[in-house]
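Engineer: return a 3D structure for these sequence lines:
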Amino acid sequence: MEMTTFPVNVLVEGITDEVVVRCLFEHAGLACGTVYGKRGKALLLERLPNYNQAARFTPWLVVVDLDQDAECAPPFVQSILLNPANGMPLAFQNSHSDGTLLRVAVRAIEAWLLADAERLADFLGIRAARIPPNPDAESDPKSTLINLARKSRRRTIRKDIVPREGSGSRVGPGYMGRLIEFVMAAEHPWRPDVAAQRSDSLRRCLESLYALKTKS
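Structural biologist: Numbering: from 1, shown residues only. Modelled structure (predicted):
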């Protein structure tokens, strides 16, 4: 797909999110600019006001996980962006406006990966029927994905994704690398258009990117 002539800057929680967003940009035909953040959700939200002025002049995409911060995305967006006490004017919006976007992954970026059930099942080495049909409804998509990996026929998948007993870690030592591998696979990679059919939050994100593309 032909790329836009202007780059869109990005603010994300982590490296996995960056890889997913770059895949979405390529799918939508948008040029990815500088990617900021990648140091966790707390720091992203803390510094979000600092990026507000920049968003007035150049296109931006901000992707953040809902987690358990609210029942659904709209109240969460209201709380982090539209609260005058936070000093946040309306430069960042929940839909495309003046070249700025904010999209909430419900409840985490893993839900978007779960939504391509066929490809993820093949990658994990499990039956596609094991993957929940509505990943946005999962209360903890990260745990869902890890528990699916526990059932993998492949020892290396279990070793990398599932946390080691007694480690105190929530994820396995190769968790992030495996997710990146899945998204960027040379053969049978994650498919945003297919995943959007099962994830409403991803569908809305893609629609916003398409709308931004038409403004270029």
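Engineer: any stretches of the chain with poor pLDDT?
Structural biologist: Across the chain, the ranges flagged by pLDDT under 70 are 1-5, 52-53, 81-100, 216.
Engineer: go again using 50 as the cut-off
Structural biologist: Along the chain, the model assigns pLDDT under 50 to residues 83-99.
Engineer: where do the strands sit along it?
Structural biologist: Counting by DSSP state E, one finds strands in the chain at the ranges 7-12, 31-37, 60-65, 100-105.
Engineer: any chance of those strands in CSV, plus distance to residue 120 and mean neighbour count?
Structural biologist: The C-beta positions use only the backbone N, C-alpha and C, and glycine is treated the same way. Shown next, in CSV, are the strands of the chain (distance: least, Cβ to Cβ, whole Å; neighbours: other Cβ atoms under 10 Å):
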stretch, distance to residue 120, mean neighbour count
strand 7-12, 21, 22
strand 31-37, 24, 17
strand 60-65, 18, 24
strand 100-105, 16, 24
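Engineer: can you list those strands in TSV and add distance to residue 203?
Structural biologist: Formatted as TSV, the strands of the chain follow (distance: least, Cβ to Cβ, whole Å):
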stretch	distance to residue 203
strand 7-12	19
strand 31-37	20
strand 60-65	14
strand 100-105	11
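Engineer: I'd like to know which of those is closest to residue 139.
Structural biologist: Among these, the nearest to residue 139 by Cβ to Cβ is strand 60-65 (12.6 Å).
Engineer: and that closest one, how far out from the chain's middle?
Structural biologist: Relative to the mean C-alpha coordinate of its chain, strand 60-65 is positioned 8 Å out (Cα atoms, centre = their mean, to the nearest Å).
Engineer: contacts for that strand next, please.
Structural biologist: With contact meaning Cβ atoms under 8 Å, 6 or more residues apart in numbering, strand 60-65 is reached by 8-13, 17, 20-21, 41, 44-45, 48, 51, 54, 80, 92, 99-105, 107-109, 205, 209.
Engineer: how far away is the residue sitting nearest the centre point of the chain from residue 115?
Structural biologist: Ranked by distance to the mean C-alpha position of the chain (Cα atoms, centre = their mean), the top residue is residue 109 at 3.6 Å. For residue 109, the distance to residue 115 (Cβ to Cβ, to the nearest Å) stands at 11 Å.
Engineer: kindly report the same for residue 73.
Structural biologist: Distance of residue 73 to residue 115, given as Cβ to Cβ: 16 Å.
Engineer: now do residue 102
Structural biologist: Counting by Cβ to Cβ, the gap from residue 102 to residue 115 is 20 Å.
Engineer: how about residue 137?
Structural biologist: From residue 137 across to residue 115, the span is 11 Å (Cβ to Cβ).
Engineer: and the two? Which one has more around it.
Structural biologist: For residue 137 versus residue 115, neighbours defined as other Cβ atoms under 10 Å are more numerous around residue 115 (29 against 13).
Engineer: which residue of the chain sits farthest from its center?
Structural biologist: Each residue of the chain has a distance to the centre, and by Cα atoms, centre = their mean the biggest one is for residue 166: 28.9 Å.
Engineer: what sits against it?
Structural biologist: By Cβ under 8 Å, 6+ apart, no residues touch residue 166.
Engineer: got phi/psi on it?
Structural biologist: phi 80, psi 0 (degrees, to the nearest 10).
Engineer: can you check residue 197 too?
Structural biologist: phi -70, psi -20.
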